[in-house]
Structure formats: structure tokens, C-alpha cells
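Trainee: Sequence below, structure please.
(2 chains)
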There are 2 protein chains.
Amino acid sequence: MNYDRPLILVTNDDGINAPGIRNLIEVMNTLGDVLVVAPDAPQSGMGHAITINDTLYCNSIKLQKDVIHKEYSCSGTPVDCVKFAVNEILKRKPDLCVSGINHGSNSSINVIYSGTMSAAVEAGTQGIPSIGFSLLDYSLDADFEPSKKFVKAIAEETLKNGLPKGVVLNVNIPKLKASEIKGMKVCRQANAHWEEKFDKRTNPLGRDYYWLSGEFVNTDKGEDTDEWALQNGYVSVVPVQFDLTAHHAINELNTWDL
Amino acid sequence: MNYDRPLILVTNDDGINAPGIRNLIEVMNTLGDVLVVAPDAPQSGMGHAITINDTLYCNSIKLQKDVIHKEYSCSGTPVDCVKFAVNEILKRKPDLCVSGINHGSNSSINVIYSGTMSAAVEAGTQGIPSIGFSLLDYSLDADFEPSKKFVKAIAEETLKNGLPKGVVLNVNIPKLKASEIKGMKVCRQANAHWEEKFDKRTNPLGRDYYWLSGEFVNTDKGEDTDEWALQNGYVSVVPVQFDLTAHHAINELNTWDL
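Mentor: Just a heads-up that it's a prediction; the model follows:
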């Protein structure tokens, strides 16, 4: 690798074969030297899971002809991929970590379920400037073309400016044509949640099982939220922190009889 | 169930058979009517993972004689257990959700990897007052007796006062005799991280595999942190939020050329 160019780690949670990561790699190859370490199978909804009670396999592979970047396919979670890339393959910190482009939204409360964002957060805990990208289109043949200029612009600004300490970026892109996207907005996470339904079925042996099937409920109408931005044609950029302390609650808890 | 008494949901990530959850159930039975929904196998390090690409099984079981509380063993993650309990079994919100008692620390950055804490956070997103408890002893024959009075006191105060909106509690208990624990301290999450090592081995077929094996690095010497409290003989109580927005970073990002 050429160390005059930035070193960029690319991962995702949809798996190394997903179209989203192929598009992200293409953009990152225009900005620096790229290392790809991504799950060998889909890992959506894995949150910040790590593999501590099982073995990890990680193999060098070549999925595309005529490219010089290196790729590794890993049996673990998105967070495992980041740990393995930084501590076992590179043995140094990359200049940037990007995760995605996710097939589907990671806005609002989805940030805590998202393997894409957890990979970005993991890199952040290791002091690496880091961004998760998601397109609001779950389809495998989603059109990632309109996303590319925003992905590139945000990655370039992050390489230039760095990020505030303890902060990573959660970028969501609306499912719109390039001409319809109005621009980017820095936002807060909307205060939304999931209300779950369980779809009960019976297996061929007569045993009941369930599928998780929730509904996203957003009662936060703030125009400074990621949900508002996305519904109004903007790319949302939320600065995300991994100090989870609710500092404002400390004084109240100190009045308790503990 | 007797609706004059509080309804308490109990879960964990070490699995429904773990000694930690048995001790937690014992304490909660003194405070209210108890429903247990917990993983059928250990789920440590699962973070906020949910099961979206696979089926879920959930069975009513009876592990102890002479108890009136109900228990369900679930094939999913800790977060799945909370969703299933609230939305499928209870179909109403319990008055309190407690998770643990975890075998091992969930202080500092461990909060983001922890299935125990993610279960508590999930209940929090659904508006349920919620607490994760952890004992700093990984051993299966850990002594949970000294923990019980603190678990009971914090659960009682939470039932009495509720919790600030959007806040759950992360309670860690040092591995000490009851007489050695100095009391409880409300803290912030220490700014620590993991530096990983991968232990490379070869399987019987000649293929390389790895075990994740990290080292916890805490450079935050603040006396207001959970790490300081635990090292100095206190039970740490950290208020944890799931609005991950780094509000302080929004102005800085707005100066970017986006």
C-alpha cells in the first residue's frame, strides 16, 4: 500500500457480496488505499455483538478483477471484522473507517440495532474517524448511484477535518433520484421506537415458532431530527457518541436514598 | 398475577439456567409478581442484536419447585426476550424490567457489548423503568449474596421514583464481601476501550482460525467514573441513555463544507 494516500477500512453488515459495499468500495478507491474486511454472510440487526464463545475464520478473497485493494471475508459480526482488521491484519489504525452502504435505514433508534453502525462505533472506540452509511432502500437491486456523491463528500470532509473526540457519523440517504435530493442536514436522532408484533406459525413437527415483525413508531415531530430530514428530501448526518452516560440524570439520582 | 403488586420482568444474557438470574429472581419475588423470559443458552457479548433472519422459539418451563412466577426459555437474544415478553406474553408494559445478575463486569465501554445491558436498554426504549445488574466475577460459582441488598434497594427506589425519561441504570457490583462494600455511587461511564489480540490456531483439517482475546485499557482516572468506584469498593450506578446524539458536536459539523 502507498502510505502517502489515506488508508481506508471498509466493512458492512449485509455481507461482503452485497451491492451496497461494492458501491462503497468503488467510491473509497478514489480517495485512498482500501482494505475490505466484511462478514461472509448477512449480519443485519446484530448490533454491537462480538464473538466470544466461538471461533473466527477470516480468509483473503478476490471478488473483483482488476482491483488492487485487498479483501477479507470473516465469519464473525461487523464489530469482529473491525477488531480483526485493525488488530490482526493492519496492526495500525486506518485513517478512516466506513461501513455500509447499508440496504435500509439506520436512522433514529435503529442506530442501536444496526450492525453497520456498530462497526462504525467500534472503530470510533479505537480512535479511528468513522462513518456508517445507509440508503433507505432494502432492495438488493437498490440504486446506489445517487448516494455516491454524498458518500464521497462526507468521507473527504472527515479525512480533512477529523471528527470530534468520541464521535462517529450516522449518515442516512433518502430513496430519491439524485436531482430530488436537496442536500445534507446535520441532525439529532429522532425519539422513535419499535412496537413489535410476533407472527406465530407452526413448523412441520407441530411446534410453534415466531417471526419478529415490528412497526416503527415516530412521535417526534422535531424539524431538527434525522426522520424529518429524510422525509423532506435531505441526507441526514447524525453525530453519534458511545459515552452513553445520561449526564443530566446524575444529580437527580443523587437525591435517591441509596 | 396480582395486579396490586408491581409486575417485574426478569431477563439476562448468561441464559435462564445461570446462577445470576436465579439470585435476581429470588430478590424480585420479594418485591412483586415476576415474569422470567430469558435466553435458552448463553448470549454474552450479543450487544443489541435482534433475530430478524431466523425463527424464534419460546417455551414455558418450570425450573424451580414451589414458586408461583412464570418462566419462558427463548431461543433468541436478550433483546428478543424483552420484545417477546412485553409484546407477546404480557401485551402490556411491566412496572420494572431487571436484567442479570451478569457474571462479569459491564462497566465503562462494556455497556455497548453487553447483552445484559442491551436488554435493559430495549425495555427503556419501550418506556419501561429498567436496570441491568452485573457482578465483577465471571465464575459460575460466584457468590451473589453480597449483591442482593443493593439489587433490592435500587429496584425499590426505581419502583418508587421511576427513572428520568430515556434513562436506564447500569449497576455494577464489586467482587467483595458484604462487609467490604462501602456503599453505592452514581457515576459516569469511564472513557476506556479494548485493545484486541487474536489467538491464531489451526483446526484438525489444517485451516487457520482465531479466538478474540482482548485487553481492557482504562486511561480515565476520573474519581467520578464507574471504574474508580468499583476499584474503591463501591457499587457503581451509571444512568445510561439511548439517544446517542452527540449534541455538542452538531455546531462543529455545521461548519463543514457539506
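Trainee: and residue A:195, how many neighbours?
Mentor: 12 (other C-beta atoms under 10 Å in any protein chain shown). No exception for glycine: its C-beta is placed from N, CA and C like everyone else's.
Trainee: Shouldn't it be within a helix?
Mentor: No: Residue A:195: not assigned to a helix; according to DSSP: H, G, I helix; E, B strand; the rest coil it is strand.
Trainee: so it sits right up against residue A:213, yeah?
Mentor: No: using C-beta atoms under 8 Å, residue A:195 is not in contact with residue A:213, being 10.6 Å away.
Trainee: Show me where chain A dips below the pLDDT cut-off.
Mentor: A:1-3 (pLDDT under 70).
Trainee: How about exporting stretch A:109-129 as CSV, limited to the C-alpha atoms?
Mentor: Taking Å, rounded to 0.1, in the frame of the first residue of the first chain, the C-alpha atoms of stretch A:109-129 are listed here in CSV:
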residue,chain,number,x,y,z
ILE,A,109,-33.4,4.3,17.3
ASN,A,110,-32.3,1.9,14.6
VAL,A,111,-28.7,3.0,15.4
ILE,A,112,-28.7,0.7,18.4
TYR,A,113,-29.8,-2.4,16.4
SER,A,114,-27.6,-1.8,13.4
GLY,A,115,-24.5,-3.9,12.7
THR,A,116,-23.5,-1.2,10.2
MET,A,117,-23.4,1.5,12.8
SER,A,118,-21.9,-0.8,15.5
ALA,A,119,-19.0,-1.4,13.2
ALA,A,120,-18.5,2.3,12.8
VAL,A,121,-18.9,2.8,16.6
GLU,A,122,-16.3,0.1,17.3
ALA,A,123,-13.8,1.9,15.1
GLY,A,124,-14.6,5.1,17.0
THR,A,125,-13.8,3.5,20.3
GLN,A,126,-10.4,2.7,18.9
GLY,A,127,-9.9,6.4,18.0
ILE,A,128,-10.5,5.9,14.2
PRO,A,129,-12.6,8.6,12.4
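Trainee: Briefly note if that stretch comes near chain B.
Mentor: Yes: using C-beta under 8 Å from any C-beta of the partner chain, stretch A:109-129 comes into contact with chain B via A:109, A:111-113, A:118, A:121, A:125-127.
Trainee: can you give me the helices for the stretch 101-250 of chain A?
Mentor: With DSSP state H, counting those that start in this stretch as the criterion, the stretch 101-250 of chain A has helices at A:115-125, A:145-161, A:226-231, A:250-254.
Trainee: With mean neighbour count added, can I get those in CSV?
Mentor: Below are these laid out as CSV (neighbours: other C-beta atoms under 10 Å in any protein chain shown):
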stretch, mean neighbour count
helix A:115-125, 30
helix A:145-161, 18
helix A:226-231, 23
helix A:250-254, 15
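Trainee: can you pull the contacts of residue A:160?
Mentor: Shown in contact with residue A:160 (C-beta atoms under 8 Å, 6 or more residues apart in numbering or on different chains): no residues.
Trainee: Check residue A:257 too.
Mentor: Neighbours of residue A:257 in contact, by C-beta under 8 Å, 6+ apart: residue B:157.
Trainee: repeat for residue A:87
Mentor: B:195-198.
Trainee: what about 7 Å?
Mentor: Contact analysis of residue A:87 by C-beta atoms under 7 Å, 6 or more residues apart in numbering or on different chains lists B:196-198.
Trainee: How about residue A:253?
Mentor: Contacts of residue A:253 (C-beta under 7 Å, 6+ apart): B:186, B:237, B:239.
Trainee: ok, which of those residues also contact chain A?
Mentor: B:186, B:237, B:239 (C-beta under 7 Å from any C-beta of the partner chain).
Trainee: now the first one, which residues is it bridged with?
Mentor: Counting by DSSP bridges, residue B:186 forms beta bridges with residue B:237.
Trainee: Please name the residues that touch it.
Mentor: A:250, A:253-254, B:237.
Trainee: any chance of those residues in a markdown table, with distance to residue B:224 too?
Mentor: Output for those, formatted as a markdown table (distance: C-beta to C-beta, whole Å):
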| residue | distance to residue B:224 |
| --- | --- |
| A:250 | 8 |
| A:253 | 13 |
| A:254 | 11 |
| B:237 | 12 |
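Trainee: Just give me the closest of these to residue B:139.
Mentor: residue B:237 (23.4 Å; C-beta to C-beta).
Trainee: Could you report the neighbour count for that closest one?
Mentor: The burial count for residue B:237: 24, using other C-beta under 10 Å.
Trainee: residues from the stretch 1-150 of chain A in reach of chain B?
Mentor: A:42, A:44-53, A:55-58, A:80, A:83-84, A:87-88, A:109, A:111-113, A:118, A:121, A:125-126.
Trainee: Only whichever of the residues you listed are buried, select them in PyMOL.
Mentor: Only the buried entries of these go into this PyMOL selection, using 16 or more other C-beta atoms under 10 Å in any protein chain shown:
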select buried, chain A and resi 42+44+45+46+47+48+49+50+51+56+58+80+83+84+87+88+109+111+112+113+118+121+125+126
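Trainee: Which of the residues of the stretch 1-150 of chain A next to chain B fall in strands?
Mentor: residue A:58 (DSSP state E).
Trainee: Closest to residue A:232 out of the ones next to chain A among the contacts of residue A:253?
Mentor: For these, the nearest to residue A:232 is residue B:239 (33.1 Å; C-beta to C-beta).
Trainee: For chain B, see how far away the closest residue to residue A:31 other than its chain neighbours is.
Mentor: The shortest distance from residue A:31 to any non-neighbouring residue, by C-beta to C-beta, 6 or more residues apart in numbering or on different chains, is to residue A:155 (5.9 Å). With distances taken as C-beta to the nearest C-beta, to the nearest Å, residue A:155 is found 11 Å from chain B.
Trainee: can you check residue A:250 too?
Mentor: 5 Å.
Trainee: my guess is that residue contacts residue B:239, does it?
Mentor: Yes: taking contacts as C-beta atoms under 7 Å, residue A:250 lies within contact range of residue B:239: 6.3 Å.
Trainee: Need the overlap of contacts for those two.
Mentor: Here residue A:250 and residue B:239 share no contacting residue, scored by C-beta under 7 Å, 6+ apart.
Trainee: before we move on, back to that, near chain A, from the contacts of residue A:87?
Mentor: B:196-198.
Trainee: As JSON lines, the residues you listed with distance to residue B:22 and neighbour count would be great.
Mentor: Shown next, in JSON lines, are these (distance: C-beta to C-beta, whole Å; neighbours: other C-beta atoms under 10 Å in any protein chain shown):
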{"residue": "B:196", "distance to residue B:22": "32", "neighbour count": "19"}
{"residue": "B:197", "distance to residue B:22": "34", "neighbour count": "15"}
{"residue": "B:198", "distance to residue B:22": "34", "neighbour count": "19"}
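Trainee: so can I have JSON lines of those showing distance to residue A:62?
Mentor: Below are the ones next to chain A among the contacts of residue A:87 laid out as JSON lines (distance: C-beta to C-beta, whole Å):
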{"residue": "B:196", "distance to residue A:62": "26"}
{"residue": "B:197", "distance to residue A:62": "28"}
{"residue": "B:198", "distance to residue A:62": "22"}
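Trainee: ok, residues contacting stretch A:167-182?
Mentor: Residues outside stretch A:167-182 that contact it (C-beta under 7 Å, 6+ apart): A:105-107, A:111, A:117, A:120-121, A:124, A:130-137, A:145-147, A:150, A:154, A:163, A:226, A:230, A:233-241, B:246, B:249.
Trainee: if we go to 6 Å?
Mentor: When contacts are defined by C-beta atoms under 6 Å, 6 or more residues apart in numbering or on different chains, stretch A:167-182 is touched by residues A:105, A:107, A:111, A:117, A:120-121, A:124, A:130-137, A:146-147, A:154, A:230, A:233-241, B:246, B:249.
Trainee: just stretch A:121-141 next, same as before
Mentor: Contacts of stretch A:121-141 (C-beta under 6 Å, 6+ apart): A:79, A:82, A:86, A:93, A:96-106, A:116-117, A:120, A:142, A:147, A:151, A:158, A:162-163, A:168-175, A:242, B:109, B:193.
Trainee: what does stretch A:230-247 give?
Mentor: A:107, A:121, A:125, A:150, A:166-174, A:182-187, A:189, A:226, A:229, B:111-112, B:167, B:188-189, B:239-241, B:244, B:246, B:249, B:253.
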